[in-house]
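J.: Fold the following and give me the result.
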Amino acid sequence: MASTVAVRFGPFRLYAGKRLLLRESEPVGLTPKAFDTLVLLIEQRDRVVSKRELLDRLWPDTAVEDATLSQHVFMLRRALSDPESPDVEYIATIQRRGYRFVAPVVEISIIAEANADAMPAPHVDAALERGRSRSLRTQLAVCGSVALLVAGAILVMTWYVRPPVVPPKRVHLAFVLAPDQQLWRSARGSAALSPDGRTVVYAADRQLYLRPLNGTDARAIPGTRLDVSTPFFSPAGAWIGFWSAQDSTLRKISIAGGTAIVLAPASNPRGASWFDDRVVVAEGGKGILVIPATGGTPALWAAPGQDEMLQNPQMLPGDAVLFTASEMMGNRTLSSNVVAYSRATGARKRVIAHATMARYVPSGIIVYAIGSRLFAARFDPRLLEIAGSPALLAEDLKQNAPAFDVSADGTLVYLSGSGDGDPATRALALLDFNGHSRMLRTPPASYEAPRVSPDGRRLAVTTDDDGGTIWIYEMAGLNTLRRLTFEGYARSPLWSPDGRSMAFGSSRAGRAGIFVQAADGSGTAERLTTPGPGFEHVPTAWAADGRLIVFVNVKGGIKDTIWTVAVPGNHEVNQIVAVTGSNQMSPALSPDGRWLAYSSEGDAGKSVTNVFVQPFPGVGVKYQVSANGGDMPTWSSDGERLFYQEPLSGRLVSVRIRTQPSFSVEDAVAVATGRVTDAGYDLVPGRGFVVPVPQVGHHESAVRSTQQIEVVLNSFEALQQVARRERGIGQ
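T.: Predicted coordinates:
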C-alpha cells in the first residue's frame with residue numbers, strides 16, 4: 001500500500017512513506033500487514049472501517065478469514081500498548097461493524113516530512129539504521145570494490161525495512177464477558193488457557209465458552225450445557241476436560257463441540273489437569289486421583305491428612321505431583337501450602353509456604369498465588385525448589401478460588417477480585433418488597449450471615465475481624481455496632497426465640513463448636529457441641545420451644561449433614577438429615593416448629609441444590625419446593641410463605657405453602673430486585689430483607705454485573721527484570 005501519511009499520535013510518529021513507526025525516537029516492530037492496517041485506519045479515522053473493507057484492501061487477491069484480520073489487529077494493539085497508560089485506547093472495536101482509530105492525530109506537514117527524509121542521525125536515519133541487519137552493515141564495511149558498493153546501494157534502495165527486534169514488553173489486557181454471561185462455579189475453577197497461550201476456555205451460565213485471545217467474540221461450545229466448571233485443556237489443545245455438576249461426572253469434549261465423553265464419576269472435584277494420556281484430579285476429601293484420558297476407574301495417588309483437603313494438582317517432570325494442601329475447619333481454610341509429592345517414595349516436600357495454587361511451565365518457571373498476589377520464580381523440578389528471586393505478576397487476584405492459568409510463553413490469564421466487589425467494603429442494605437432500598441447506618445465491613453432478632457429491632461451480623469466477630473446493631477439506627485464476641489473466632493449468629501440469648505459457631509479452648517451466650521454480652525459462653533477433627537458446626541435454626549438447635553455438620557470435601565443439639569441438659573446431638581453423596585444445607589424451622597426447610601442436592605447428589613420441606617421433628621415425606629434451584633430458605637413470620645435464593649440468578653423468590661388438608665406449594669414469585677450472594681440475607685418482618693451488598697451506595701450494586709478475564713502478555717518479562725536488577729547489583 002503506497003501512502004504518504006505522516007502523523008503524530010500519543011508518543012508515536014508514523015511515516016508511511018518510510019514504512020516507519022516511532023515511539024519517541026525508538027522504532028516499533030510491526031509485521032507488514034499490521035503496519036498497513038494502522039495506516040489505513042489512520043487514513044480513514046473519521047469513520048468506522050468495516051472488516052470486509054479491511055480484508056479487501058489488505059488482501060485484495062487472497063481469500064482470508066476474519067480471524068487473520070483479528071490477529072493483526074491484536075498484534076497492532078499489543079505494539080501500541082503501554083503498561084504505564086493502560087486506559088489509553090488507539091483502536092476501538094465497534095461491535096458487528098468493524099474498527100476505528102480513535103486517538104487524537106496531528107498531521108506532520110509536507111516540509112516536516114521532507115525534513116524527516118533528510119534528518120541526520122541520531123533521529124530518523126539512526127532509527128532506520130537500527131532497523132537494518134548487522135550482517136548488511138558488516139558486508140558494506142568490509143567490501144571495498146565499486147561493484148559491491150553499487151550493488152549494496154541498490155540493495156539499500158530496494159530493502160524492505162524489517163521490523164526491528166525489540167525486547168518483549170509486558171502488556172495487560174482484559175476481555176469483558178457479554179452482559180448475559182456470568183462466570184459459573186468459580187470456586188472450583190472457571191477459566192483455563194490453552195497450552196499455546198492463544199485461547200481461553202471459561203465456564204459461564206452453566207456451559208463452556210471458547211475465545212481466541214486475538215479475537216473479539218466468544219462462542220459457546222455445543223454439548224456443554226451441563227452445569228459445568230473446572231475446565232482444563234489436553235496437552236495438544238484439541239480437547240477440553242471439565243466437571244459436570246448435572247450428573248457429577250468428569251468429562252471431555254472436542255474444542256469444536258459435540259458429545260461430551262464421560263471419563264469417571266466425580267462428586268467434589270477441586271482442580272484437574274491433563275498430561276500425556278492421563279488426567280489427574282483432586283477429589284474433595286478423597287485426595288489426588290488419576291484417570292485414563294480415555295475414561296476408566298480412578299486410582300488414588302495421594303491421600304489427604306485428617307484435617308486436609310488437596311486441590312489443584314499438576315504433574316511435574318519425573319514422578320512428582322504438585323498440589324495445594326489446605327488445613328480445613330469446616331469449609332474454612334486455616335492454612336495452605338503448595339507441596340510436591342513423590343509417587344515413588346510417598347514423601348511430601350513443601351515447595352511454597354502459604355501459597356494457595358501453583359502452575360509449573362516447561363520453561364522452568366513456577367507461577368503461584370499468595371493471597372491476592374501472583375508471583376513467578378525459576379523452579380528446579382529435580383530438586384523441587386525455587387531457584388532465584390520471585391517477581392510480582394499481579395496484585396488483584398481473586399482469592400479463595402483457582403483463579404489463574406499460564407502458558408509456556410508467559411501468557412497469563414486470571415480472575416481479579418475487583419469484579420466481585422471487595423468483601424471488606426460491603427454495606428448493609430434494607431430491601432423492601434417494592435424494589436426500593438436504603439442503606440443502614442453501618443460502616444463498610446466484611447458483613448455476612450445477617451440475623452434479625454425475633455422482635456425485628458436488632459440485627460446480629462458477622463465480620464472477618466480477628467478471624468470472625470459477631471456484632472449487634474439496633475435497627476432504629478440510634479447507635480453504632482456493638483461487639484458481642486471477643487474470644488476466638490465467632491460466626492453464624494442465631495437468636496433464641498425470646499431474643500435474650502445468642503448461639504454461634506466458635507473456636508474456644510482449642511476446639512470448634514456451638515456456643516450460647518447472653519445477647520447483651522453479659523456472662524460467659526456455654527459450649528453445646530464439640531465436632532470431630534476438621535469439622536465445624538454451623539447453627540441455623542432454634543426451635544420455638546427453645547429446646548433444640550438445628551445445625552449443619554461441615555467439613556471441606558465431605559458432604560454436609562443436618563443435626564440437632566439439645567440446649568438444656570446434657571446437650572445430646574442427633575443426625576436428622578443425611579443423604580449419601582449429597583449435601584444437605586441451610587435448615588430453617590417454621591414458626592410453629594412443625595416443618596423443616598433445607599436445601600439439598602437430592603438423592604442423586606447432582607450438586608444442583610433445591611429447597612425441600614419435611615416434618616419436624618421425626619421422619620416423614622419430604623416435598624420439593626423449588627423447581628429451578630434453590631438455597632438459603634427462610635420462613636415468613638406467619639409460616640405461610642417460604643423465601644429462598646435462586647442460585648443462578650441470585651434473586652429472592654417466595655412460594656406460598658399450605659399444610660392443611662394436605663401439603664401444597666404455589667408457583668414461585670420474585671419478591672425483591674437485586675442479587676443475593678453467599679453472604680446471606682434475613683427477613684425483617686413486615687419491612688423486607690437485610691442484605692450485605694458491595695459498598696456502592698445503592699442496592700443495584702448487587703444486580704448481575706459485567707465480568708472480565710484479565711490477560712497479561714509476556715508476563716515473564718517481570719522475572720527477567722528482576723534478574724537484570726540483581727545482575728546490576730552484583731556488578
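J.: Only C-alpha atoms from now on, for both contacts and neighbour counts.
T.: Will do.
J.: Next secondary structure after the host helix or strand of residue 291?
T.: Assigned by DSSP states H and E, residue 291 belongs to strand 287-292. On the C-terminal side of strand 287-292, the nearest following helix or strand under DSSP H and E is strand 299-302.
J.: Just the buried residues of stretch 527-539, please?
T.: Across stretch 527-539, burial judged by 16 or more other C-alpha atoms under 10 Å covers 527, 528, 529, 531, 534, 535, 536, 537, 538, 539.
J.: Show the contacting residues for the residue nearest to residue 361 when sequence neighbours are not counted.
T.: Nearest residue to residue 361 in three dimensions, chain neighbours excluded: residue 408, at 5.3 Å (C-alpha to C-alpha, 6 or more residues apart in numbering). Applying C-alpha atoms under 8 Å, 6 or more residues apart in numbering to residue 408 gives the contacts 195, 196, 197, 361, 362, 363.
J.: same thing but 10 Å
T.: By C-alpha atoms under 10 Å, 6 or more residues apart in numbering, the residues touching residue 408 are 195, 196, 197, 360, 361, 362, 363, 364, 365, 716.
J.: same check, this time on residue 637
T.: Each residue near residue 637 by C-alpha under 10 Å, 6+ apart is listed here: 454, 590, 591, 592, 683, 684, 685, 686.
J.: do residue 229 as well
T.: Contacts of residue 229 by C-alpha under 10 Å, 6+ apart are 183-191, 202-208, 241-245, 250, 269-271.
J.: try residue 50
T.: By C-alpha under 10 Å, 6+ apart, the contact set of residue 50 is 56, 94, 96, 97, 98, 99, 100.
J.: Please determine how far the residue nearest to residue 361 is located from residue 239.
T.: Plainly put, residue 408 is 18 Å away from residue 239 if you go by C-alpha to C-alpha, to the nearest Å.
J.: List the ones among the contacts of residue 229 that fall in strands.
T.: Filtering the contacts of residue 229 for membership in strands, criterion DSSP state E, returns 191, 202-204, 207-208, 241-244, 250, 269-271.
J.: hang on, the earlier thing: can you say which of the contacts of residue 637 are buried?
T.: Those of these that meet the buried threshold are 454, 590, 591, 683, 684, 685, by 16+ other C-alpha under 10 Å.
J.: Lowest pLDDT pick from those residues?
T.: On pLDDT alone, residue 685 ranks lowest of the buried ones among the contacts of residue 637, at 87.
J.: Please look at that residue and residue 639 and confirm they touch.
T.: No - between residue 685 and residue 639 there is no contact under C-alpha atoms under 10 Å: 11.7 Å.
J.: Tabulate the ones in strands among the contacts of residue 229 (JSON lines), appending neighbour count.
T.: Shown next, in JSON lines, are the ones in strands among the contacts of residue 229 (neighbours: other C-alpha atoms under 10 Å):
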{"residue": "191", "neighbour count": "28"}
{"residue": "202", "neighbour count": "25"}
{"residue": "203", "neighbour count": "28"}
{"residue": "204", "neighbour count": "23"}
{"residue": "207", "neighbour count": "21"}
{"residue": "208", "neighbour count": "30"}
{"residue": "241", "neighbour count": "26"}
{"residue": "242", "neighbour count": "29"}
{"residue": "243", "neighbour count": "32"}
{"residue": "244", "neighbour count": "28"}
{"residue": "250", "neighbour count": "28"}
{"residue": "269", "neighbour count": "29"}
{"residue": "270", "neighbour count": "27"}
{"residue": "271", "neighbour count": "30"}
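J.: so where do the helices sit in the chain?
T.: For the chain, the helices defined by DSSP state H occupy 32-43, 51-58, 66-80, 110-118, 124-131, 134-142, 146-158, 717-730.
J.: re earlier: just the buried ones among the contacts of residue 637 now: which is nearest residue 47?
T.: Closest to residue 47 out of these is residue 683 (54.0 Å), distances taken as C-alpha to C-alpha.
J.: Who is that closest one paired with across the strands?
T.: Note on residue 683: beta-bridge partners by DSSP bridges are residue 689.
J.: same question, residue 204
T.: Here residue 204 sits in beta bridges with residue 183, residue 207, as judged by DSSP bridges.
J.: Who are the contact partners of it?
T.: Residue 204 makes contacts with 177, 180-186, 190-191, 220, 225, 227-229, as judged by C-alpha under 10 Å, 6+ apart.
J.: thinking residue 234 is in contact with residue 251, fair?
T.: No - counting by C-alpha under 10 Å, residue 251 is not a contact partner of residue 234; they are 11.9 Å apart.
J.: For those two, list the residues in contact with both.
T.: With contacts taken as C-alpha under 10 Å, 6+ apart, residue 234 and residue 251 have 240, 241, 293 as neighbours in common.
J.: Now the most centrally placed residue in the chain: phi and psi?
T.: With distances taken as C-alpha atoms, centre = their mean, residue 415 lies nearest the centre of the chain, 4.0 Å away. Backbone geometry at residue 415, expressed as degrees, to the nearest 10, gives phi -100, psi 130.
J.: what about it, distance to residue 249?
T.: Distance of residue 415 to residue 249, given as C-alpha to C-alpha: 25 Å.
J.: again, but for residue 55
T.: Distance check for residue 55 against residue 249: by C-alpha to C-alpha, it reads 44 Å.
J.: and what of residue 516?
T.: In terms of C-alpha to C-alpha, residue 516 sits 41 Å off from residue 249.
J.: ok, now residue 665?
T.: Plainly put, residue 665 is 32 Å away from residue 249 if you go by C-alpha to C-alpha.
J.: higher neighbour count, those two?
T.: Legend: neighbour count by other C-alpha atoms under 10 Å for residue 665 and residue 249, higher for residue 249 (21 against 16).
J.: I'd like the contacts of residue 637 written out as TSV, with distance to residue 69 added.
T.: Formatted as TSV, the contacts of residue 637 follow (distance: C-alpha to C-alpha, whole Å):
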residue	distance to residue 69
454	64
590	62
591	64
592	67
683	54
684	57
685	59
686	59
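J.: Residue 232 against residue 210, yeah?
T.: No - the pair residue 232 / residue 210 is not scored as a contact, 11.8 Å apart, by C-alpha under 10 Å.
J.: what sits in contact with each of these two?
T.: Common contacts of residue 232 and residue 210 (C-alpha under 10 Å, 6+ apart): 191, 192, 193, 200, 201, 202.
J.: The fourth one: how many residues sit nearby?
T.: Residue 200 has 23 neighbours, counted by other C-alpha under 10 Å.
J.: what's the closest non-adjacent residue to it?
T.: residue 193 (4.7 Å).
J.: do the first one as well
T.: Taking C-alpha to C-alpha, 6+ apart as the measure, residue 191 lies nearest to residue 202, with 4.1 Å between them; neighbours along the chain are not counted.
J.: Quickly note the distance from that neighbour to residue 565.
T.: Residue 202 sits 43 Å away from residue 565, going by C-alpha to C-alpha.
J.: Since that was my last question, I'll sign off now.
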